[in-house]
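3D model of this:
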Amino acid sequence: MTRWLTEAVPRGRIAAFRTVIYLFVAADLVIFTPWVRTRVSVPGDLYQPLLIGRLLHLPTPTAAVVAVIFWSLLVLALLAATGRAPRLLGWTVCALYLEWMIIAMSYGKVDHDRFGLLVALAVLPTAGRARHGDTTRTEAGGWALRVTQIAVICTYFLAAFAKLRFGGLDWLTGSVLARAIIRRGTDLADLIAQVPYLLIVAQFGIVAFELLSPVVFFLPPRWRLAMVGFFYSFHAVTIATITISFAPHLAAMTSFLPLERVRPLLWARRLVGRGTPGSATDAPAHVDTESTPPDPAPVAAGAEPAPPGGQAPALGRPVGP
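Numbering: from 1, shown residues only. Model (predicted):
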């Protein structure tokens, strides 16, 4: 079990995953959750902090507090995405984003799609330093990725458990998806809804898929990637039909992917190098500029050897200094 939890991975994968997660945090502030800043205009009586907020005795958010968290988190997340000071910046971003989420979710609605992302932010600082493209393996980084993967799969499995706990078997045979399509469905969803019993079948399929999601850990690497691809396709269909994105969950799910193979900066440099006349990439592949220079041409019998630099000796003067 310990070997499975700490299965070593390339440091380049940790560096790439760190960049993805911290860039998503910055994007989340300005794209997905900018509405958190409007919470300060809501009466303080409506602020009902989550259990963790009550345990930490966090104050009711004010305009100044929210502004400081927003701008500090935005700047520090971008810095953390570069890989510098992974522990200091990592723990700071984790603490600020946790407070950002406590503020966001303390007004009556809690989103379960951020669990994997929060776990990733909590464990990434423990992975230590990592550089893009580094192929050396790290068990600490493997542990950080594995814990994030477990959190991602728990999001699916516990979602099915919640459906059956609060909705019972009626969730499977009820009108859950029909109501979702009425509220926020797309034209594609309207077409699907016209097929008799298809929504009921889809509800059974969703619960079955969520309950079986832990199987991903028992598959060979190639099949595991195929199943993760199915996870992403499931969310693509969800976005296309009822416009629910699960973007934080999708960012955390990149922990399953061999991200060390994705190196856009290196690809861009190669692309620029190919288009530059006289660049090193234009040289023939067989030329070895580091090899030993060829032996000088043989000296004819009776002739004096040429001096260094290839210049002939002056008339009547000896060769050499």
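
Would you mark the buried spots in stretch 179-196?
180-181, 185, 189, 192-193 (16 or more other CB atoms under 10 Å). C-beta here means a position set from N, CA and C on the backbone, and glycine is covered the same way.

Endpoint to endpoint, it covers what distance?
15 Å (CA to CA, to the nearest Å).

likewise stretch 203-221?
29 Å.

try stretch 47-54
One end of stretch 47-54 to the other measures 11 Å (CA to CA).

buried set for that stretch?
Buried residues in stretch 47-54, defined by neighbour count with 16+ other CB under 10 Å: 47, 49-50, 53.

Report the rounded mean pLDDT for it.
Averaged across stretch 47-54, the pLDDT comes to 90.

go on, stretch 245-257?
Stretch 245-257 shows a mean pLDDT of 96.

What lies in contact with it?
Stretch 245-257 is contacted by residues 17, 20-21, 24, 28, 32, 113-117, 119-120, 145, 148-149, 151-152, 155, 216, 224-225, 228, 231-232, 235, 238-239 when judged by CB atoms under 8 Å, 6 or more residues apart in numbering.

Just the buried residues of it, please?
For stretch 245-257, the neighbour count (16+ other CB under 10 Å) marks 246-257 as buried.

now stretch 111-128
Buried, per 16+ other CB under 10 Å, within stretch 111-128: 113-125, 127.

Make a PyMOL selection of the buried ones in the contacts of stretch 245-257.
Here is the PyMOL command that selects the buried residues among the contacts of stretch 245-257 (16+ other CB under 10 Å):
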select buried, resi 17+20+21+24+28+113+114+115+116+117+119+120+145+148+149+151+152+155+216+224+228+231+235
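
Out of the contacts of stretch 245-257, list just those in helices.
Of those, the ones assigned to helices by DSSP state H are 17, 20-21, 24, 115-117, 119-120, 145, 148-149, 151-152, 155, 224-225, 228, 231-232, 235, 238-239.

for stretch 55-63, the distance to its chain's centre please.
Stretch 55-63 has its C-alpha centroid displaced from the chain centroid by 30 Å (CA atoms, centre = their mean, to the nearest Å).

Outside of that stretch itself, which residues are in contact with it?
Stretch 55-63 has contacts (CB under 8 Å, 6+ apart) with 39-40, 44, 47, 49, 65, 99, 102-103.

rerun at 10 Å
Contacting residues not belonging to stretch 55-63 are listed as 36-37, 39-47, 49-50, 52-53, 65, 68-69, 98-100, 102-104, 106 [CB atoms under 10 Å, 6 or more residues apart in numbering].

Any regions of the stretch 101-250 of the chain where pLDDT drops low?
By pLDDT under 70, the stretch 101-250 of the chain has no low-scoring segment.

Who are the contact partners of residue 171?
Here residue 171 is in contact with 160, 162-165, 203-204, 206-207 (CB under 10 Å, 6+ apart).

secondary structure class for it?
Using DSSP: H, G, I helix; E, B strand; the rest coil, the structure places residue 171 in helix.

same deal with residue 48?
coil.

hang on, the earlier thing: any idea which of the buried residues of stretch 179-196 is the one closest to residue 269?
Of all the buried residues of stretch 179-196, residue 269 sits closest to residue 189, with 43.4 Å by CB to CB.

can you count the residues close to residue 173?
The number of residues packed near residue 173 is 11, by other CB atoms under 10 Å.
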